[in-house]
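>>> sequence plus the predicted model coming up.
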Amino acid sequence: MRRPVVIVSEVSAIGLACALVAALPQEPDAAAVERFAAEQPGLARFTSALGLHDLITSPWFLVLVFSAFCSLLAVQVDQWRRARRLWGESLTPMAFARAPFRRELALEASKAPPAAPRLVRGGRLALLGSPVFHLGLATVAVAGLLRLLFFQDAAVRAFEGMTLEAGPGAWDARRSGWLAPPLALAKAVRLEEVSVTRYQSGMLRQVTARVAIEGGGAGDSREVAVNSPLELAGVRLYVNSVHGLSALVELQGPDGVQPRTLFFETVDQVARARTRTGGGREVRLRAGVAEAQPEAVDVRVLKDDVLLSVASLRPGGVLPLGGGESLKLVALPFWVDLRASHDPSRPLFFAGIATGILGVILLFGVVRVDTGVFVEGGKLVVALRAQRFTPLFAERFERLCQEWER
C-alpha cells in the first residue's frame, strides 16, 4: 500500500471519479438526469449502465476511498516512526562532515574554543510537518467514508404556498448512505415566497426563498439563498439557481376534481408547461419569462396534434376542454429547486482540513537547523546544516562565524 505506483493510481482514480461527478448530473437531481438523457440518449444509456449518475454511493467508489485511506495509514505509520526517531536523535560532529556551510578556523585566529562540542538543533517542530499534514488527509478520508455511509440528501420542486411536511415523504427525490435512513425534517416548513434578482445585463444574480418554520410563532420567517443555507436541527436547507413559474390547476370531470401542479420550463426565452387529460387531449400553457408574476397564461388544447381551442386564462378562470371536462387555473406561484442534506461527517472533515493546514505551516514555515562549533584536527570548525531552503541561511552562518573569529 506504500508503493508510489499504488498511491498515484489511487489518487488518479479518485480524481477521475470527481471529474465525472462534476461533468455528469447526479442523483437526486432527477430533472437534470432526465434532461441529460433527452439531450444525449446514446451517451446516457452508457453512463446509466455504468451507474455514473449515482457515482459517490457506488460500491467501487467506496472501495477506492477505503484503499486510499489504507495507503495513508501505511504512510502515517512510517512517518511518525521517523519523526520519533529523529526527534530524539543526538547530534555528533560527524553529522556536519558534509554540511553545506562549514568553515575551519585556525585556533590562534579564533576565540577560545568550547571545552566540549557545542551542538544545537533548532526547529524540531518541522519534523512534524509531513506527519501532521498526512494525518489531516487521513482524517478527511475518514470523513469521506463516514459521509458515504451516513449522508442524507433530498430534493423537491417547491412552489410558493407549499408546505413540506415533517417526514421523508415530503421530497420528490432522496438519496442516502448505506447505513442512513431517508432524510426527514424535524418540523414542517412552508415556502412563502421566491424572489429573483438580476444584474442589469439580465444575468441571474440571486435566488432567495423565504420559508416559515412550523411552531416558530407568527412572523418567524427565514431566508434561504444560493450559498446561504439554513440549518434546521442538523438538516441543512438550501436552494440552487433552478427556478421558474408553476401553475396550480384542477381538472374537473365526471370522476371529480384532480389537482395538478405544472412546472414551466423556459425554452427559447418562453416558459412552457403541458399536461394530458382524458380523451387523448393535451393542454399546453405558455407564459413570458419575466420575473414578475403574469396576470394570465395562454392555453392551447390539442388532440392528436390538432388544435381544438386557444384561450387566455387568469387565476380562477375555467376553460372547457370537451367531453365533460374543464380546466381551472387556481394560481400561478413561482417554484424553486429546494434541497436538504444531513452530513454527520462535516465536523470531522473541517478538523481534517485544519490539521492539514497546520501540517503545511509546520512543513514550510518551520525549518530544522543544526549548528555546530567544535575542534577537529587542530582547527575550530563552525558548521550549519538546514533541512531545506539552504541558501537562505548564508547570512546566519556568516554571523555565527563572526562570533568565533578573533
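Sure thing, it's come through. Numbering: from 1, shown residues only.

>>> show me where this protein has helices.
Assigned by DSSP state H, the helices in the chain fall at 4-23, 30-39, 41-49, 59-87, 129-150, 346-365, 394-404.

>>> starting at the chain centroid, how far to the second one?
Mean-position distance between helix 30-39 and its chain equals 22 Å (C-alpha atoms, centre = their mean, to the nearest Å).

>>> among the helices of the chain, which is nearest Val336?
Closest approach to Val336 among the helices of the chain (C-beta to C-beta): helix 30-39, 12.5 Å. C-beta coordinates here come from the backbone N, C-alpha and C atoms, glycine included.

>>> what's the angle between that closest one and helix 41-49?
Relative orientation of helix 30-39 versus helix 41-49 (axes from the mean of the first three to the mean of the last three C-alpha atoms, to 10 degrees): 130 degrees.

>>> show me what stretch 249-260 is in contact with.
If you take C-beta atoms under 8 Å, 6 or more residues apart in numbering as the criterion, stretch 249-260 is touched by 248, 261-262, 275, 277-278, 318, 323-330.

>>> contacts only, for Phe133.
Taking C-beta under 8 Å, 6+ apart as the criterion, Phe133 is in contact with 355-356, 359-360, 362-363.

>>> got a pLDDT number for it?
As predicted, Phe133 sits at a pLDDT of 93.

>>> distance-wise, check it relative to Ala354.
Plainly put, Phe133 is 12 Å away from Ala354 if you go by C-beta to C-beta, to the nearest Å.

>>> swap in Lys303?
Per C-beta to C-beta, Lys303 is found 64 Å from Ala354.

>>> of those two, who's got more company?
Lys303 (15 against 12; other C-beta atoms under 10 Å).

>>> now that one. Nearest residue, chain neighbours left out?
For Lys303, ignoring the flanking residues on the chain, the nearest one in space by C-beta to C-beta, 6 or more residues apart in numbering is Arg281 at 4.9 Å.

>>> one step back: and which of the contacts of Phe133 is nearest Ala155?
Distances from Ala155 to the contacts of Phe133, taken by C-beta to C-beta, are shortest for Gly356, at 31.2 Å.

>>> doesn't Ala138 make contact with the closest one?
No: counting by C-beta atoms under 8 Å, Gly356 stays clear of Ala138, with 9.6 Å between them.

>>> residues contacting Ala44?
By C-beta under 8 Å, 6+ apart, the contact set of Ala44 is 36-37.

>>> redo the contacts of Phe133 as CSV? Include distance to Glu89, pLDDT and neighbour count.
Shown next, in CSV, are these (distance: C-beta to C-beta, whole Å; pLDDT from 0 to 100; neighbours: other C-beta atoms under 10 Å):
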residue, distance to Glu89, pLDDT, neighbour count
Thr355, 25, 96, 18
Gly356, 26, 94, 19
Gly359, 21, 94, 20
Val360, 24, 93, 14
Leu362, 18, 92, 19
Leu363, 19, 89, 18
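
>>> need those residues in a markdown table with distance to Leu145, can you?
Conversion of those to a markdown table gives the following (distance: C-beta to C-beta, whole Å):
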| residue | distance to Leu145 |
| --- | --- |
| Thr355 | 17 |
| Gly356 | 17 |
| Gly359 | 20 |
| Val360 | 23 |
| Leu362 | 26 |
| Leu363 | 25 |
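
>>> list just the nearest of these to Arg314.
Relative to Arg314, the closest of the contacts of Phe133 is Gly356; by C-beta to C-beta it sits at 58.9 Å.

>>> how many residues are close by the nearest residue to Leu185 once chain neighbours are set aside?
Leaving aside its sequence neighbours, Leu185 sits nearest to Ala166 (C-beta to C-beta, 6+ apart; 5.0 Å). Ala166 is flanked by 14 other residues according to other C-beta under 10 Å.

>>> for Ala166, which residues are in contact?
184-188, 214.

>>> could you give me the PyMOL syntax to select whichever of those are buried?
Listed next is the PyMOL selection for buried residues among the contacts of Ala166, using 16 or more other C-beta atoms under 10 Å:
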select buried, resi 184+185
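
>>> quick one, longest strand in the chain?
With secondary structure taken from DSSP state E, the chain has its longest strand at strand 235-253.

>>> next, count neighbours for the nearest residue to Pro100 once chain neighbours are set aside.
Nearest residue to Pro100, sequence neighbours excluded (C-beta to C-beta, 6+ apart): Thr390, at 5.1 Å. Residues lying near Thr390 (other C-beta under 10 Å) number 16.

>>> ok, now the one 3 residues further on?
Other residues near Phe393 come to 19 when the count uses other C-beta under 10 Å.

>>> and the pLDDT for Ile56?
75.

>>> I'd say it and Leu148 touch.
Yes: between Ile56 and Leu148 there is a contact under C-beta under 8 Å: 6.7 Å.

>>> so where's this protein uncertain?
Applying pLDDT under 70 to the chain picks out residues 28, 216-219, 289-291.

>>> contacting residues for Asn240?
Contacts of Asn240 by C-beta under 8 Å, 6+ apart are 207, 226, 337, 339.

>>> what bridges to the first one?
Here Val207 sits in beta bridges with Val196, as judged by DSSP bridges.

>>> likewise for the third one?
Note on Asp337: beta-bridge partners by DSSP bridges are Arg157.

>>> what's the neighbour count on it?
Asp337 has 21 nearby residues by other C-beta under 10 Å.

>>> heads up, I number from 276, so please use that
Sure, I'll start numbering at 276, so the last one becomes Asp612.

>>> isn't it up against Val514?
Yes: counting by C-beta under 8 Å, Asp612 does reach Val514; the two are 6.4 Å apart.

>>> and Ala358, how many residues sit next to it?
By other C-beta under 10 Å, the residues close to Ala358 number 17.
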